[in-house]
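> sequence and predicted structure below; questions after.
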2 protein chains.
Amino acid sequence: MRYYPESLARLLTELRKLPGVGEKTAQRLAFHMLREPAEDIRRLGKTIAEAHDHLTQCGVCGSFTDKTQNPCRICESPNRDRSSICVVEKPDDIAVFERMGSYRGLYHVLGGVLSALNHVRPDDLRIPELLSRVEKEQTAEVILALNPSVEGNATVTYLSRQLEPLPARVTQIAYGIPIGSELDYVDEVTLNRALESRSEVP
Amino acid sequence: MRYYPESLARLLTELRKLPGVGEKTAQRLAFHMLREPAEDIRRLGKTIAEAHDHLTQCGVCGSFTDKTQNPCRICESPNRDRSSICVVEKPDDIAVFERMGSYRGLYHVLGGVLSALNHVRPDDLRIPELLSRVEKEQTAEVILALNPSVEGNATVTYLSRQLEPLPARVTQIAYGIPIGSELDYVDEVTLNRALESRSEVP
């Protein structure tokens, strides 16, 4: 990068730290920024710099929320079905559900999954918070929506055991063949899972 | 986006203005930023916000350079071959040549290509600057390295006519089959160009 002017090299170095941004993407982004009006780019930079200042973790579900609104908009909404809680790994996963739009219940962010390899133990996750929430709010159903990894599965097992003494029904989302794909293109693990989770044709 | 906290929605809106960043990428970037230490993200934002403050156009080649170093590092370098000038559309293209590393001459950024459709006329580009540069510095060779579009080709024709009265040799980079690709996968226009530009086997 020695042929770049110093300030440009600095910008490229910062951009390359972003996920999925390699040398070429960083360069495309940087040159785009330099072509756009200075004012627009200053606003972009300011918004990024201030991201942490305005946002915090929701005290109830653990997702991100504005510092001026805690608990978050979903936890506080009178329009949500308070009888079910969908448990996800990261705040990002909530966005996926909300984009889909058909789920009207509440959420709970674990902050990861159990992992011996990465030394993530039950008390590193927001599991105690989940248990006390389910107990206090007399939640009817806890829907586990973790990623189908080895760690995700272990976490599902652990959570369902922990939730057993409580009256809540514990379910998990279905894993199987994605809609619109063809069997030819599905990997063996997914196919096996789809076979194991087969159900009666109604 | 109504389910996002306000500050997060604002960040997503700004990120989506970047080239190649759609809803999902913006979301991935934003959540990454919120997971990283506040200090790192503040530095990223500051670097972006200040991009325009530190950089300016090189008075000679038209690429970007630090405000404290004008003409730019390449134009000023004693190690470059001053007898040839490579003409490109945008500063980004210089980075491509420099990454390759085998070109040791100078550059000239046109700032675009001639286009009747987009109302780009010769004096909208840095063509007068190129002509006076080639004349004053008695450049031996002008290498045209524009993108092989209709407008690029028209610009090549225009430039070679304008440069004709000057003693400089005017060349253009070769367009044809990319190395490593197979004929099967090459489009007809490229193949036709490769055929037209055929040369004797040495």
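Sure, I can see it. Numbers count the residues shown, from 1 in each chain, chains lettered A, B, ... in the order given.
> when you work out contacts or count neighbours from here on, use the C-alpha atoms and nothing else.
Noted.
> quick one, strands of chain A?
For chain A, the strands defined by DSSP state E cover A:55-57, A:64-66, A:84-88, A:106-109, A:141-144, A:169-172.
> I'd like those strands as TSV, with mean pLDDT appended.
Shown next, in TSV, are the strands of chain A (pLDDT from 0 to 100):
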stretch	mean pLDDT
strand A:55-57	93
strand A:64-66	93
strand A:84-88	95
strand A:106-109	96
strand A:141-144	93
strand A:169-172	92
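> and chain B, which of these is closest to it?
Nearest of those to chain B, taken as Cα to the nearest Cα: strand A:64-66 at 5.2 Å.
> in space, what's closest to residue A:18 - neighbours in sequence excluded?
In this structure, residue A:18 finds its nearest non-sequential neighbour in residue B:29, 6.8 Å apart by Cα to Cα, 6 or more residues apart in numbering or on different chains.
> return the set of buried residues in the lowest-mean-pLDDT helix or strand in chain A.
Within chain A, no helix or strand scores below helix A:188-196, which has a mean of 82 by mean pLDDT, DSSP states H and E. Buried residues in helix A:188-196, counted by 16 or more other Cα atoms under 10 Å in any protein chain shown: A:190-191, A:194.
> around the residue nearest to residue A:18, how many other residues sit close by?
Residue B:29 has 19 neighbours, counted by other Cα atoms under 10 Å in any protein chain shown.
> same check on residue A:31?
If you count neighbours by other Cα under 10 Å, residue A:31 ends up with 17.
> quick one: it and residue B:94 touch, right?
No. Between residue A:31 and residue B:94 there is no contact under Cα atoms under 8 Å: 11.6 Å.
> follow-up on the earlier one: a markdown table please, covering the strands of chain A and showing distance to residue A:39 and mean neighbour count.
What follows is the strands of chain A, written out as a markdown table (distance: least, Cα to Cα, whole Å; neighbours: other Cα atoms under 10 Å in any protein chain shown):
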| stretch | distance to residue A:39 | mean neighbour count |
| --- | --- | --- |
| strand A:55-57 | 24 | 19 |
| strand A:64-66 | 25 | 24 |
| strand A:84-88 | 38 | 24 |
| strand A:106-109 | 37 | 24 |
| strand A:141-144 | 45 | 21 |
| strand A:169-172 | 48 | 15 |
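> the helices in chain A, which residues?
A:6-16, A:23-35, A:38-49, A:51-54, A:73-76, A:91-100, A:127-136, A:150-163, A:188-196 (DSSP state H).
> residue B:46 is nearest to which of the ones you listed?
Smallest distance to residue B:46 across the helices of chain A (Cα to Cα): 5.8 Å, for helix A:38-49.
> buried set for the closest one?
A:38, A:41-49.
> and residue B:3, which of the strands of chain A is closest to it?
strand A:64-66 (10.1 Å).
> how far is that closest one from where the chain is centred?
14 Å (Cα atoms, centre = their mean, to the nearest Å).
> check whether it comes near chain B.
Yes. Contact of strand A:64-66 with chain B (Cα under 8 Å from any Cα of the partner chain) involves A:64-66.
> what's around residue A:53, how many residues?
14.
> need the pLDDT of it.
For residue A:53, the pLDDT comes out at 92.
> contacts only, for it.
If you count contacts by Cα atoms under 8 Å, 6 or more residues apart in numbering or on different chains, residue A:53 has none.
> quick one: contacts for residue A:100?
Contacts of residue A:100 (Cα under 8 Å, 6+ apart): none.
> again, 10 Å this time
Going by Cα atoms under 10 Å, 6 or more residues apart in numbering or on different chains, residue A:100 touches residue A:94.
> how far away is it from residue B:123?
Here the distance between residue A:100 and residue B:123 works out to 51 Å (Cα to Cα, to the nearest Å).
> and for residue A:118?
61 Å.
> on that earlier part again, JSON lines for the residues of strand A:64-66 next to chain B, including distance to residue B:109?
JSON lines is the format used below for the residues of strand A:64-66 next to chain B (distance: Cα to Cα, whole Å):
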{"residue": "A:64", "distance to residue B:109": "45"}
{"residue": "A:65", "distance to residue B:109": "46"}
{"residue": "A:66", "distance to residue B:109": "45"}
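> count of neighbours near residue A:36?
What residue A:36 shows, counting by other Cα under 10 Å, is a neighbour count of 12.
> hmm, I typed the wrong one, I wanted residue A:60.
Residues near residue A:60, counting by other Cα under 10 Å, number 17.
> I'd say residue A:24 and residue B:93 touch.
No. Using Cα atoms under 10 Å, residue A:24 is not in contact with residue B:93; the gap is 11.4 Å.
> higher neighbour count, those two?
Set residue A:24 next to residue B:93 and count neighbours by other Cα under 10 Å: residue B:93 wins out with 18 against 14.
> what residues are up against that one?
Per Cα under 10 Å, 6+ apart, neighbours of residue B:93: B:63, B:87, B:99, B:107, B:109, B:145-147.
> could you dump the residues you listed to CSV with distance to chain A?
Formatted as CSV, those follow (distance: Cα to the nearest Cα, whole Å):
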residue, distance to chain A
B:63, 10
B:87, 17
B:99, 8
B:107, 12
B:109, 14
B:145, 19
B:146, 18
B:147, 16
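> show me where chain A dips below the pLDDT cut-off.
The model of chain A has pLDDT under 70 over residues A:1-2, A:202.
> what about the residue lying closest to residue A:27 once chain neighbours are set aside, how many residues nearby?
Nearest residue to residue A:27, sequence neighbours excluded (Cα to Cα, 6+ apart): residue A:12, at 6.5 Å. Residues near residue A:12, counting by other Cα under 10 Å, number 27.
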